[in-house]
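Trainee: Predicted model and sequence below, questions to follow.
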Amino acid sequence: MSATLPRPNEALDQKCAMAAEHLSALGINFLALDFDQTMIDVHTGGRWKETVSELAVHLRPVFLSLVPAAARRNMRIAVVTFSPQTKHIREVLELAFPEIAELIPIRGNDRTWTYEGNGMRMGKQEHMASAAEELMAKPALGVTDVRKDTTLLIDDDPRNIKKSLKDGTRAVWFNPRDPERLLDDILLLK
């Protein structure tokens with residue numbers, strides 16, 4: 001299984017490093033990333049029928065650079081999606097980020113996980129909370145204090161952003177038509 005992934009350029013790598021540094025300075029230690037129309041430039045509708053390699057080529061360069069930059073800053077990353085195709089997503093992560101893919105929890109609508117807490121269950125909130133619980137249960141990963149104020153959701157769906165903000169979790173709307181705008185929006189966070 002091999003795919004020729006889009007490669008970020010040096011300027012994008014530098015800006016992603018700046019964005020990760022800024023997030024770290026703000027105390028963000030957990031990035032929750034939507035998959036369809038955010039990490040990738042298509043919406044699979046949870047029904048991708050092509051190969052994983054063909055899906056992987058849809059990864060956006062901004063995430064191919066931002067994810068490793070965040071990991072180097074000791075931020076934890078999770079994929080939070082309504083897609084049930086989490087096995088495909090896992091394989092895409094393994095192709096794109098072989099050194100860190102196994103450290104990235106995936107929470108999709110695949111019925112493989114539950115959230116036992118008493119937080120908000122709307123939008124991506126329970127997905128994020130479940131992934132945070134998994135990360136905190138593994139103290140060897142070095143992140144034991146994931147909270148709403150140390151989490152950032154990046155999602156293309158404004159409804160998920162609104163619910164996240166209403167629940168006290170930081171969130172940035174990802175504009176699928178202007179992917180690199182994400183980095184400017186991150187750098188504007190306070």
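Mentor: Good, I have the coordinates.
Trainee: Next, count neighbours for Glu99.
Mentor: Glu99 has 8 neighbouring residues, counting by other C-beta atoms under 10 Å. Using the backbone N, CA and C atoms, a C-beta is placed for each residue, glycine as well.
Trainee: Could you confirm it falls within a helix?
Mentor: No: counting by DSSP: H, G, I helix; E, B strand; the rest coil, Glu99 is not found in a helix; it is coil.
Trainee: Please report how far it lies from Leu93.
Mentor: 11 Å (C-beta to C-beta, to the nearest Å).
Trainee: can you check Asp145 too?
Mentor: Asp145 sits at a distance of 24 Å from Leu93 (criterion: C-beta to C-beta).
Trainee: neighbour count winner among the two?
Mentor: With neighbours defined as other C-beta under 10 Å, Asp145 and Leu93 compare such that Leu93 has more, 23 against 10.
Trainee: for the protein, what spans make up the helices?
Mentor: 10-25, 52-56, 61-72, 86-96, 125-136, 158-166, 181-188 (DSSP state H).
Trainee: how about JSON lines for these, with mean pLDDT and distance to Ile40 added?
Mentor: Formatted as JSON lines, those follow (pLDDT from 0 to 100; distance: least, C-beta to C-beta, whole Å):
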{"stretch": "helix 10-25", "mean pLDDT": "97", "distance to Ile40": "17"}
{"stretch": "helix 52-56", "mean pLDDT": "95", "distance to Ile40": "7"}
{"stretch": "helix 61-72", "mean pLDDT": "96", "distance to Ile40": "8"}
{"stretch": "helix 86-96", "mean pLDDT": "97", "distance to Ile40": "8"}
{"stretch": "helix 125-136", "mean pLDDT": "91", "distance to Ile40": "17"}
{"stretch": "helix 158-166", "mean pLDDT": "96", "distance to Ile40": "16"}
{"stretch": "helix 181-188", "mean pLDDT": "97", "distance to Ile40": "14"}
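Trainee: could those be laid out in CSV, adding distance to Thr4?
Mentor: Below are the helices of the chain laid out as CSV (distance: least, C-beta to C-beta, whole Å):
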stretch, distance to Thr4
helix 10-25, 17
helix 52-56, 9
helix 61-72, 12
helix 86-96, 10
helix 125-136, 29
helix 158-166, 31
helix 181-188, 23
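Trainee: Of all these, which one comes closest to Ala3?
Mentor: helix 52-56 (3.8 Å; C-beta to C-beta).
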